[in-house]
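Q: Following is a predicted model, sequence given first.
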Amino acid sequence: MIVSAHGGALRFIIILVITIIMVIIGHFFLRFTLQQSDEAIQQHSVVVQVRKEVKQERGSTRPTMTTEAKAETTTTTTVAVASSTVKSKRLDGPKIYVYSDFPSAEYQIPTRIYFQLEYTLLQAMRQRGRITTNPSEATHFWIPHALVANWIDRRPQTMAQDLRAYMEQIFVPFLHKMVHELPYYNQTNGRNHVLVWIMDEGPVCEKAGGFKVTGPGSASDSFFQKIIQPMRVIGYHGQRGIQSEFFHNLTCWTDGVDIAVPQWHTWNMRADRILEEAGQNCIIGNNNTENCNAWLSYLQQRASTATRAFYFRGSASTWGHECSVNIRPWIGKYCSQNSSSCFLNNNHATMTDAVFALSPAGWACWSSRLFDAFYQLVIPVVLADGMVLPFEKRLNWTSMSEVVRTGSPVDLPSDGGPQWERLERMAATWISTCRDPTQSQSCLDHTVSQKMLHMLQNRKYFGWQPIESDETAFYMLEQELLDEPRHVNFPSSP
């Protein structure tokens, strides 16, 4: 009986201890979960104040203005999106037939995030219900491929050989079959065919990272160029005025046919919901500010920490082939000589410590720095002559960026010239104005604040969320596809 009593007491103690431990673990897990949830909605320390002011603005007794009414009462904020196109709300989207005859190939999702557009764009189109198995009802024909997976993300020491093997054994043989055995390409001479190409120069001019790959599927392959040129090419490589190195009657980019898109990324707006709402609520125009207290708080907080005009992080060595050649060494020299106005690879500064983010050409014309600036609401200064900006037919880039002509090779004055002086003066006046609590209206009306607001209100069109909405990059891309491509008399042979 004594042993039994001791055994029962021991079991009771063990159960009690386990229960206490579980309660403690549950407590800390709940605290951790709440902390993570709270961090997910904070971008800046000002977000708490922004949240309060947004709630106050929600409770305003003033009637809510419709989108059309907003467009009539302001001449500044609503110009960021071309209303006749973005507001058309054609949510039905294209009908895409994916070639099932494309031979299977070893595939893995590319490790570099912006390369994943090659794979995930088609997957998301499936999720959005845009794929049809009936070619007779298709508006577009999609060529699936695995260029990056069979090249960049394979063995670094054999990249050129891997690319050549993929083109010779898989990609080009399929193009021959598509043209000579299947009926769809020849019905429109390829004008309704879609090819995603996320490398630097585009399929017509691709230099394969400097490897100078030749043979089938290369920039010197006349059959490949003839078949690819009429297609709707989707990519980052938009660059006007550059001709093929091998065929001077072909251009790297075809305006009105090819589609420039934002970088594929994992960024989303969950951490900015409060700030996004503050920007959407704010209507500025005709000396009348409505529901802008939360947005004003954000601007004042940003101005309080901004100390320089420009920010750049990255290589300052020679980059690029055709677009603004030598712009990066120019940036390095300028920032070194003007450290009071420019952060250059400063480990103690963040992008939001400056007003403008320098976005020069990279290996090619586009650079991920443009999109990094957008996500941080730091006004990008595009330093890439001839660059085709994403969805530029639908988005008013002038209202949310600065573009400085550089020359190629760069011929900017060492001090940047009048354009640079204007940007420095703009940054200085914005910082001083928004730091002064007595100049709230002037802060809201300042050109820098207006550009930031346009960026905030339109960066949703850079988000690749595959939800059924007219406020994502997918929607913008689908509208571009549904637009009738510009008629171009492509040469019968390159």
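A: Good, I have the coordinates. Bear in mind the structure is a predicted one, so any value in this text is a computation, not a measurement.
Q: for the stretch 201-350 of the chain, which spans come out with low pLDDT?
A: Applying pLDDT under 70 to the stretch 201-350 of the chain picks out residues 208-215, 219, 248, 266-272, 284-289, 318-321.
Q: scratch that, the stretch 351-494 of the chain
A: Scanning the stretch 351-494 of the chain with the threshold set as pLDDT under 70 gives 487-494.
Q: which residues of it fall in strands?
A: 354-360, 379-383, 402-403 (DSSP state E, counting those that start in this stretch).
Q: Also the chain?
A: 96-98, 131-132, 140-142, 193-196, 232-235, 259-260, 283-285, 288-290, 308-312, 342-344, 354-360, 379-383, 402-403 (DSSP state E).
Q: Determine which stretch of those strands is the most buried.
A: When these are scored by mean count of other Cβ atoms under 10 Å, the highest mean neighbour count falls to strand 354-360 (a mean of 27). Where C-beta positions appear, they are placed from N, C-alpha and C, glycine not excepted.
Q: Adjacent strands (with direction) for it?
A: strand 308-312 (parallel), strand 379-383 (parallel) (DSSP bridges).
Q: now the ones you listed as JSON lines including distance to Arg435?
A: Shown next, in JSON lines, are the strands paired with strand 354-360 (distance: least, Cβ to Cβ, whole Å):
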{"stretch": "strand 308-312", "distance to Arg435": "14"}
{"stretch": "strand 379-383", "distance to Arg435": "18"}
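Q: wait, which of the ones you listed is closest to Thr438?
A: For these, proximity to Thr438 was assessed by Cβ to Cβ; strand 308-312 is nearest, at 23.7 Å.
Q: I'd like the distance from that closest one to the chain centre, please.
A: 21 Å (Cα atoms, centre = their mean, to the nearest Å).
Q: same deal with stretch 184-194?
A: 28 Å.
Q: can you redo the strands of the chain as JSON lines with distance to Asp415?
A: Output for those, formatted as JSON lines (distance: least, Cβ to Cβ, whole Å):
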{"stretch": "strand 96-98", "distance to Asp415": "51"}
{"stretch": "strand 131-132", "distance to Asp415": "54"}
{"stretch": "strand 140-142", "distance to Asp415": "49"}
{"stretch": "strand 193-196", "distance to Asp415": "42"}
{"stretch": "strand 232-235", "distance to Asp415": "35"}
{"stretch": "strand 259-260", "distance to Asp415": "32"}
{"stretch": "strand 283-285", "distance to Asp415": "33"}
{"stretch": "strand 288-290", "distance to Asp415": "37"}
{"stretch": "strand 308-312", "distance to Asp415": "13"}
{"stretch": "strand 342-344", "distance to Asp415": "12"}
{"stretch": "strand 354-360", "distance to Asp415": "15"}
{"stretch": "strand 379-383", "distance to Asp415": "15"}
{"stretch": "strand 402-403", "distance to Asp415": "17"}
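Q: mind checking which of the ones you listed is nearest Gln457?
A: Comparing the strands of the chain by Cβ to Cβ, strand 283-285 comes nearest, at 10.7 Å.
Q: those helices in the stretch 201-350 of the chain, which residues are they?
A: Applying DSSP state H, counting those that start in this stretch to the stretch 201-350 of the chain gives helices spanning 222-228, 273-281, 293-305, 327-337.
Q: export these to a markdown table and tack on distance to Gln161 and mean neighbour count?
A: Below are these laid out as a markdown table (distance: least, Cβ to Cβ, whole Å; neighbours: other Cβ atoms under 10 Å):
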| stretch | distance to Gln161 | mean neighbour count |
| --- | --- | --- |
| helix 222-228 | 18 | 19 |
| helix 273-281 | 47 | 20 |
| helix 293-305 | 50 | 21 |
| helix 327-337 | 30 | 19 |
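Q: Make CSV out of the ones you listed and add distance to Pro409.
A: Below are the helices of the stretch 201-350 of the chain laid out as CSV (distance: least, Cβ to Cβ, whole Å):
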stretch, distance to Pro409
helix 222-228, 28
helix 273-281, 39
helix 293-305, 35
helix 327-337, 9
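Q: thought Arg130 was touching Glu478?
A: Yes - at 7.3 Å, Arg130 and Glu478 qualify as touching, with contact defined as Cβ atoms under 8 Å.
Q: So for Thr352, which of the strands paired with strand 354-360 sits nearest?
A: Using Cβ to Cβ, the strands paired with strand 354-360 put strand 308-312 closest to Thr352, at 8.5 Å.
Q: can you pull the contacts of Asn345?
A: Contact analysis of Asn345 by Cβ atoms under 8 Å, 6 or more residues apart in numbering lists Phe312, Arg313, Gly314, Ala316.
Q: Dump those residues to TSV, plus distance to Arg232.
A: Shown next, in TSV, are those (distance: Cβ to Cβ, whole Å):
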residue	distance to Arg232
Phe312	34
Arg313	34
Gly314	31
Ala316	36
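Q: Out of those residues, which comes closest to Leu122?
A: Distances from Leu122 to the contacts of Asn345, taken as Cβ to Cβ, are shortest for Gly314 (30.5 Å).
Q: Tell me how many other residues surround the residue lying closest to that closest one once chain neighbours are set aside.
A: In this structure, Gly314 finds its nearest non-sequential neighbour in Arg369, 6.7 Å apart by Cβ to Cβ, 6 or more residues apart in numbering. Counted by other Cβ atoms under 10 Å, the residues lying close to Arg369 total 24.
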